[in-house]
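Engineer: I'll drop the sequence and a predicted model, then ask my questions.
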There are 4 protein chains.
Amino acid sequence: MTTQVIVLNGGSSSGKSGIARCLQAVLPDPWLAFGVDTLIQAMPLALQMSATGIEFGPDGEVVVGPEFRTLEAAWITGIAAMARAGARIVIDEAFLGGAASQQRWQDALGALRVLWVGVRCDAAVAAGREMARGDRVTGMAAAQAELVHQGVFYDLQVDTTHTEALECARTIAARVP
Amino acid sequence: MTTQVIVLNGGSSSGKSGIARCLQAVLPDPWLAFGVDTLIQAMPLALQMSATGIEFGPDGEVVVGPEFRTLEAAWITGIAAMARAGARIVIDEAFLGGAASQQRWQDALGALRVLWVGVRCDAAVAAGREMARGDRVTGMAAAQAELVHQGVFYDLQVDTTHTEALECARTIAARVP
Amino acid sequence: MTTQVIVLNGGSSSGKSGIARCLQAVLPDPWLAFGVDTLIQAMPLALQMSATGIEFGPDGEVVVGPEFRTLEAAWITGIAAMARAGARIVIDEAFLGGAASQQRWQDALGALRVLWVGVRCDAAVAAGREMARGDRVTGMAAAQAELVHQGVFYDLQVDTTHTEALECARTIAARVP
Amino acid sequence: MTTQVIVLNGGSSSGKSGIARCLQAVLPDPWLAFGVDTLIQAMPLALQMSATGIEFGPDGEVVVGPEFRTLEAAWITGIAAMARAGARIVIDEAFLGGAASQQRWQDALGALRVLWVGVRCDAAVAAGREMARGDRVTGMAAAQAELVHQGVFYDLQVDTTHTEALECARTIAARVP
């Protein structure tokens, strides 16, 4: 039976979004790609910069508050409903809560056929790519490189340290029947 | 009973997104804002520029193909599920199919309490704002100004021709119990 | 003799960039448009967020440091050189230093034929538009609405409070021989 | 004597902009970074999509027209003037005309001390990164990979195929006295 949802989990600047776009290009069917950035952009500006929403600390740590969590839970439920309604979906995530974050998605996705993919990248390399991207919040790449994988299980892992996004995408696509 | 979903329907450059952001700022609770742009950005690049996906004609007309429609249907179902899961949601839409487009949303939203808002803007004024925004696709504002309202019913209409987005948002917010 | 440089000076969210884009569309010759945002984006990320570069205070005030000033001086010299080399140029600026800011441009532009345009917008209206744009730094519109015009002379003033960008652009274009 | 201008020349998606941002981070003094994208964004929308301005063909080839060339010549003169006025500048370019493009810059930069850097990237790898970036115009990476280096001389070459942008930047920075 065919995969309905691909979850890419990796730290900031690990290359998840690039892999998601390549997956959309190499997979024969059309897939929708959503990330945590899609959710953040949908939030009120006030929540994007507050203790009840999401905050970015000076060293790149991300603190997520209760109102963010409430909206995120509904967001996850909705994405699962899209998949049940027939859309194939690539999710681009950073499990800041490790196993607990994965559990939230697993509960919502239920009986959907999910391919869990870990996107690894050496912390120093990811930090260099963060610098090259010119993102406003520096330090996230290093802070998240190991954190997001703690206690998380995968069907497949890729590592962008020495492998291009397109090649990672092809490896993943080969596992999508 | 409180409103759970606000649907803003208006042509391109009529000011819907600005009203949505102002609504998020003036409403006391946190609301998520999604638009058709969110869906388009989630699609594969190939669908964003093809006859089966979405195409932008030389005069600003938008042609939507069968694969776009399939993914859009799942998207609408998912947004409705988010609202049922407790997230308050502002939807920023251009009903290119008029009444038929509204029907699709209405079927999905079901028993949710929806405030249907028409966002009007004089076609020539919208075309001028399109020029000021510097969007790549010109002509959409004029092409859609009347088209998107055909056969659509509203609880409330606002007109951005002579009224600021924030004032429109306040008018709408006053109708959200 | 024909105008070689148009300087649009106005506060944040007063509508300068929109007028600049409309000017580019309505003027018969091709004009280049540059703004202070072009300069900021060209700076190192570290300068974009530091006391020696540029800082955005909690109430939207902008503090510009010595290293920013040094690079800005070279930038102004270079833009003037582009105009002398034959490019027609629209400059989109916010004279945070009022008359002193204008003097810096005037010294660099020298004998070039310049049209100085003040772009006014009611502070409350500009603040509402800032909210509608969803900019990260709020308060700049209100903080700058009067500040940037102090001691500045103009050939022409436009007011976007009740006039569309395109109409303002046409008024300005009519003064460009 | 110290370097005043660094010119990075490479094909689309070869990683020039990332190297430029890393250079700004690792070099001790503040450097401004400008690219051909800065110029294109400054042009009227009409020139960005026309035979007299710039056009993007179906296979990623770029055709530059006479009005683009005229404005570009003034742009180059202006950037050189910024450097003479004391700003250190990183230029991020794609010499579509090979040696002739370099000659245009060389004539304008005159006696300024320039470090000419070739940014190489294997065409297939660059094409994969173009896909990962999700750029609208596909094919530019492959079309430009060799083209932009024809007849161009360098003080130094880097290759992003197997080397990170930050490491390339450090190699370049080591040559800036």
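Structural biologist: Ah, there it is. Predicted model only: the values in this text are computed from it and were never measured.
Engineer: alpha carbons only for contacts and neighbour counts from here, please
Structural biologist: Fine.
Engineer: Which parts of chain A are strands?
Structural biologist: In chain A, the strands defined using DSSP state E lie at A:5-10, A:31-35, A:54-56, A:62-64, A:88-93, A:114-120, A:156-159.
Engineer: I figured A:Trp105 hits A:Gly78, correct?
Structural biologist: No: counting by C-alpha atoms under 8 Å, A:Trp105 sits too far from A:Gly78 to count as a contact (11.1 Å).
Engineer: Neighbour count for the two, which is higher?
Structural biologist: Neighbours per residue, other C-alpha atoms under 10 Å in any protein chain shown: of A:Trp105 and A:Gly78, the larger number sits with A:Gly78, 27 against 17.
Engineer: okay, the residue most central in space within chain A: pLDDT?
Structural biologist: With distances taken as C-alpha atoms, centre = their mean, A:Glu93 lies nearest the centre of chain A, 1.4 Å away. Note for A:Glu93: predicted pLDDT of 96.
Engineer: What's opposite the closest residue to it other than its chain neighbours in the beta bridge?
Structural biologist: In space, and not counting its chain neighbours, A:Glu93 is closest to A:Asn9: 4.9 Å by C-alpha to C-alpha, 6 or more residues apart in numbering or on different chains. For A:Asn9, the beta-bridge partners under DSSP bridges are A:Glu93, A:Gly118.
Engineer: which ones are touching A:Asn9?
Structural biologist: A:Lys16, A:Asp92, A:Glu93, A:Ala94, A:Phe95, A:Trp116, A:Val117, A:Gly118, A:Val119, A:Val148, A:His149 (C-alpha atoms under 8 Å, 6 or more residues apart in numbering or on different chains).
Engineer: And A:Ala33, by the same measure?
Structural biologist: A:Ala20, A:Arg21, A:Gln24, A:Ile89, A:Val90, A:Ile91, A:Asp92, B:Ala42, B:Met43, B:Pro44.
Engineer: Sort out which one of the residues you listed lies nearest chain C for me.
Structural biologist: B:Ala42 (20.9 Å; C-alpha to the nearest C-alpha).
Engineer: Tell me the spacing between the closest one and chain D.
Structural biologist: For B:Ala42, the distance to chain D equals 11 Å [C-alpha to the nearest C-alpha, to the nearest Å].
Engineer: Neighbours of that residue, how many?
Structural biologist: B:Ala42 has 21 nearby residues by other C-alpha under 10 Å.
Engineer: Please apply the same query to A:Ser50.
Structural biologist: Around A:Ser50 there are 16 residues (other C-alpha under 10 Å).
Engineer: cool, A:Asp155 as well?
Structural biologist: Neighbourhood size, A:Asp155 [other C-alpha under 10 Å]: 11.
Engineer: What about it? Give its phi and psi, please.
Structural biologist: A:Asp155 adopts backbone torsions of phi -80, psi -20, taken as degrees, to the nearest 10.
Engineer: my read: it touches A:Arg113, true?
Structural biologist: No: applying C-alpha under 8 Å, one finds A:Asp155 not in contact with A:Arg113, separated by 11.6 Å.
Engineer: if I look at A:Ala124, how far off is chain B?
Structural biologist: To chain B, A:Ala124 is 30 Å away according to C-alpha to the nearest C-alpha.
Engineer: Do you know the pLDDT at that residue?
Structural biologist: We have a pLDDT of 96 for A:Ala124.
Engineer: next one: A:Arg136
Structural biologist: So A:Arg136 comes in at 69 (pLDDT).
Engineer: if we can go back for a sec, and the gap between the residue nearest to A:Glu93 and A:Val119?
Structural biologist: Look at A:Asn9 and A:Val119: by C-alpha to C-alpha, to the nearest Å, they are 6 Å apart.
Engineer: Over to A:Trp75?
Structural biologist: A:Trp75 is 22 Å from A:Val119, where distance means C-alpha to C-alpha.
Engineer: now A:Ile79
Structural biologist: A:Ile79 is 21 Å from A:Val119, by C-alpha to C-alpha.
Engineer: Ok, A:Ala145 next?
Structural biologist: For A:Ala145, the distance to A:Val119 equals 10 Å [C-alpha to C-alpha].
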